[in-house]
Structures are given as C-alpha cells and as structure tokens.
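Student: Just a sequence and a predicted model for now, questions to come.
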Amino acid sequence: MAVTHRGFSVIRQVLQRWKGYIRSWQDWQANPSKYVDAPKIPNYKHKIKGRFPIVVYNVYQGCPTMDQPSLVQGMCQLFESLFEGDVNDSIGKVRKLVEAMIIPRNNGSYLLKFTYEVQEPTTRSTQVIAGIDLGVNNLVALTTNSSTIRPLLVNGKPLKSLNRLFNRKRDLIGSYQSESQPSRRLGGITSKYHNRVDNYLHQTSSIVINYLKSNGIKTLVVGKNDEWEKETRMGISKRHNFMPIPYSRLIGMLEHKCRLAQIELITVNEAYTSKCSAWDFEPIAKHQKYLGERVHRGLFRSANGQVINADLNSSLNIIRMYSSEALTAERIGSCGVQPLKVNPLARVKQI
C-alpha cells in the first residue's frame with residue numbers, strides 16, 4: 001500500500017509540472033513579451049543524478065509512506081528528533097499537518113517541506129492603502145495614505161553585502177574551475193547563499209505583514225518592473241549589488257503571506273515613480289523637466305523645497321499609480337516625519 005501511495009504522489013507531482021507548462025504555454029501565446037523564450041516542455045530526470053521528491057508523511061496515508069520497517073522507524077525518529085515529539089503538536093495547535101516531503105538537492109543536501117492547514121483569520125476592513133518601493137540600500141520602503149501611520153524602511157545593506165561576497169567567491173572559484181567539472185565548493189557556498197537570502201527575505205516579508213496587520217491595512221500595492229534583470233544599465237560593481245537580489249521571490253512571499261492574512265496585494269508598474277514628485281502631485285509620466293529632484297544621500301526635494309526620503313517618494317507614487325484619489329495634501333504629511341527603520345537581522349520588538 002505504501003508503494004502505491006508513493007506512486008500516486010509522484011504522479012501528482014508530474015501532473016502539476018504538466019499543468020504548469022500548459023498554463024505557461026497558453027500565457028506565452030497570449031503575451032509573448034512577458035517571456036524571454038518559449039516555455040520548455042517538462043523533461044526526464046538524469047538517469048544517474050536525477051532524484052525525485054518523495055512524500056514521507058500524509059495525513060490521509062499515515063507517517064511515513066514507506067514499506068520497509070527500518071525506514072519507517074528511522075523516518076519517525078527523524079521527525080521526532082527535529083520537532084521534539086509529535087509532528088502535529090510541534091507545528092502548532094492551530095495548524096494541521098497535511099503532508100511532509102523530502103526534496104533532494106544537487107549539492108547532496110535535502111530540503112524538508114511541510115504542507116499544513118491554517119484557519120483564516122478574521123480582520124477588520126479599512127480604507128488605508130500601503131505602497132511598497134523595492135530597492136537596494138532600502139530593500140522595502142513602505143508608506144500609507146494615512147497621516148497617523150509612520151513610514152517603514154527595511155534595511156537592504158546586509159543583503160547587498162551578501163550578494164557582493166557571494167559574487168566575488170563565485171568568480172574566484174570559476175577562475176580556476178573547469179566548466180565541465182562540477183565544483184563541490186561552489187555548490188556549498190551557493191546553497192549557503194540561497195539559504196541566507198531566503199531567510200532574509202522571509203524575515204523582511206514577515207516584518208511587512210506584521211506592520212500591515214498591526215495598523216489594520218488591507219490593501220498593499222507593490223511596484224514591480226519586469227525589466228529589472230534584462231535592461232538594467234549599471235557598472236560592474238553596482239550590478240553585483242542589484243542583479244542577484246530576487247525581488248520576484250520577495251513579492252511571491254508577500255503574496256503568500258498576504259493571502260493568509262486576508263490582505264489584497266496588487267502589483268503596478270513602477271516606471272517614473274522615482275522621478276516624479278509625489279509631494280507636488282506631479283503626473284506620473286515622462287517629462288522634459290520634473291518638478292522635483294534627487295539630492296545627496298538618497299533624499300528627494302519637491303518643488304516647494306520639502307525634502308523627504310527618495311524611496312518614500314517612490315512609494316507614495318506607487319500608491320498614486322493604483323489610485324489617484326488615495327492621497328490628499330493632508331494624508332501625505334506623514335512622510336515628513338522620521339520613518340521607522342528596521343533591520344531584519346537585528347532583534348527588534350514586535351511591531
């Protein structure tokens with residue numbers, strides 16, 4: 001019976017791959033400009049290196065779905081050692097574990113993936129809208145259309161330093177490593193890099209969601225540029241900082257956590273939001289001469305001389321891109337105060 005369950009889990013994953021390919025192919029035919037190339041058909045795994053994820057726990061099948069008694073005992077001991085007891089109790093009283101999966105990675109490590117059910121929270125509805133501008137030094141710049149809520153800045157410099165360090169190590173290893181020969185050292189630092197980036201992005205997205213929930217905000221607008229990784233014209237040193245930052249990954253985390261918190265997330269095109277002056281309600285478009293201008297140290301000066309953070313100015317314009325009536329002269333005054341600066345790696349109090 002366990003073998004049958006494993007077979008069904010493999011078939012289900014194969015169907016998911018094919019359904020994803022069909023949806024991507026249909027979307028590519030309708031909007032080919034969104035893609036660099038046509039979606040590729042799912043291919044076979046490598047005969048030797050190819051390994052497939054395996055389901056080891058399912059609420060409908062028992063724990064784990066293996067037939068050998070030794071593997072059953074060993075896997076149960078693994079989960080008990082990881083969670084110090086019963087899996088369902090350790091995940092949380094309000095969460096029901098549905099499935100546990102072991103996903104093999106190319107560097108010899110394994111990823112444990114858990115799927116669980118959560119109860120949808122009941123929150124109050126408000127008319128407050130938050131806008132997010134994604135950047136480098138300030139990974140997240142968040143403003144709202146409420147004059148009583150302080151802006152939020154999430155530090156992005158640790159992530160920039162991590163990218164710079166990884167790129168230098170990768171270039172150093174690649175300078176003496178043959179391209180045809182896989183490098184265990186390169187695989188190790190790559191795995192460590194992705195783990196640290198995911199941890200940083202998870203903490204950042206959690207900070208944002210907690211901030212929205214604590215202020216009763218139910219609408220989040222995120223500025224997105226589909227040409228981030230294709231048409232960025234920067235020097236080599238700046239490209240090391242900007243290009244590898246997975247903004248799409250961060251937006252995906254925000255989408256998932258917003259869905260759990262019943263917050264509506266909307267993405268808009270961020271073009272010209274950094275050049276136009278939100279304080280002067282300048283139309284967001286290309287102009288021969290703009291009302292405001294950027295000054296030193298990431299500050300933006302409006303036409304009347306008001307100086308605010310340049311990333312917060314972009315964030316306000318992102319709100320205006322979503323709704324031109326969301327901001328008024330009274331509501332925009334909150335950006336004149338000192339923003340709340342947060343470092344995801346530091347131990348901070350609950351927002």
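Tutor: Received the coordinates, thanks.

Student: what about the protein, any weak spots by pLDDT?
Tutor: Within the chain, the ranges that satisfy pLDDT under 70 run 1-6, 47-52, 56-97, 106-108, 119-126, 177-182, 227-244, 330-331, 333-337, 347-351.

Student: Next one: Gly292 from Val14, what distance?
Tutor: Per Cβ to Cβ, to the nearest Å, Gly292 is found 54 Å from Val14. Every C-beta, even on glycine, is put in place using the N, C-alpha and C of the backbone.

Student: Counting neighbours, go ahead and name the busier of those two.
Tutor: Gly292 (23 against 12; other Cβ atoms under 10 Å).

Student: which residues touch that one?
Tutor: 276-277, 279-280, 282, 300-303, 313 (Cβ atoms under 8 Å, 6 or more residues apart in numbering).

Student: most surrounded residue in those residues?
Tutor: Counting neighbours by other Cβ under 10 Å, Asn313 leads the contacts of Gly292 with 29 neighbours.

Student: Now that one: which helix or strand?
Tutor: Element membership of Asn313 [criterion: DSSP states H and E] is helix 310-322.

Student: Please identify the buried residues of the helix or strand following that helix?
Tutor: Following helix 310-322 in sequence order, the next helix or strand is strand 340-342 (DSSP H and E). Residues of strand 340-342 classed as buried: Val342 (neighbour count, 16 or more other Cβ atoms under 10 Å).

Student: who does strand 340-342 pair up with?
Tutor: Strand pairing for strand 340-342, using DSSP bridges, gives strand 152-155 (parallel).

Student: Report how many residues lie close to Leu134.
Tutor: 25.

Student: same question, Met253
Tutor: Here the number of neighbours of Met253 (other Cβ under 10 Å) works out to 19.

Student: for Tyr21, same thing?
Tutor: So Tyr21, with other Cβ under 10 Å, has 14 neighbours.

Student: ok but it is inside a helix, no?
Tutor: Yes - if the criterion is DSSP: H, G, I helix; E, B strand; the rest coil, then Tyr21 is within a helix.

Student: what's the spacing between it and His256?
Tutor: 22 Å.

Student: how about the strands in the stretch 51-200 of the chain?
Tutor: 54-58, 96-104, 110-117, 129-134, 138-144, 152-155 (DSSP state E, counting those that start in this stretch).

Student: now the angle from the helix holding Asn313 to strand 138-144?
Tutor: Taking axes from the mean of the first three to the mean of the last three Cα atoms, to 10 degrees, one finds that helix 310-322 is oriented at 50 degrees with respect to strand 138-144.

Student: wait, isn't Asn317 in contact with Ile284?
Tutor: Yes - using Cβ atoms under 8 Å, Asn317 is in contact with Ile284, at 5.5 Å.

Student: Residues in contact with both of the two, list them for me.
Tutor: By Cβ under 8 Å, 6+ apart, the residues touching both Asn317 and Ile284 are 272-273, 276.

Student: helices and strands around the helix holding Asn313, which ones?
Tutor: strand 129-134, strand 138-144, strand 219-224, strand 264-269, strand 299-301 (3 or more Cβ pairs under 8 Å, 6 or more residues apart in numbering; DSSP states H and E).

Student: Adding distance to Tyr176, write these out as JSON lines.
Tutor: Formatted as JSON lines, the helices and strands packed on helix 310-322 follow (distance: least, Cβ to Cβ, whole Å):
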{"stretch": "strand 129-134", "distance to Tyr176": "36"}
{"stretch": "strand 138-144", "distance to Tyr176": "34"}
{"stretch": "strand 219-224", "distance to Tyr176": "39"}
{"stretch": "strand 264-269", "distance to Tyr176": "42"}
{"stretch": "strand 299-301", "distance to Tyr176": "44"}
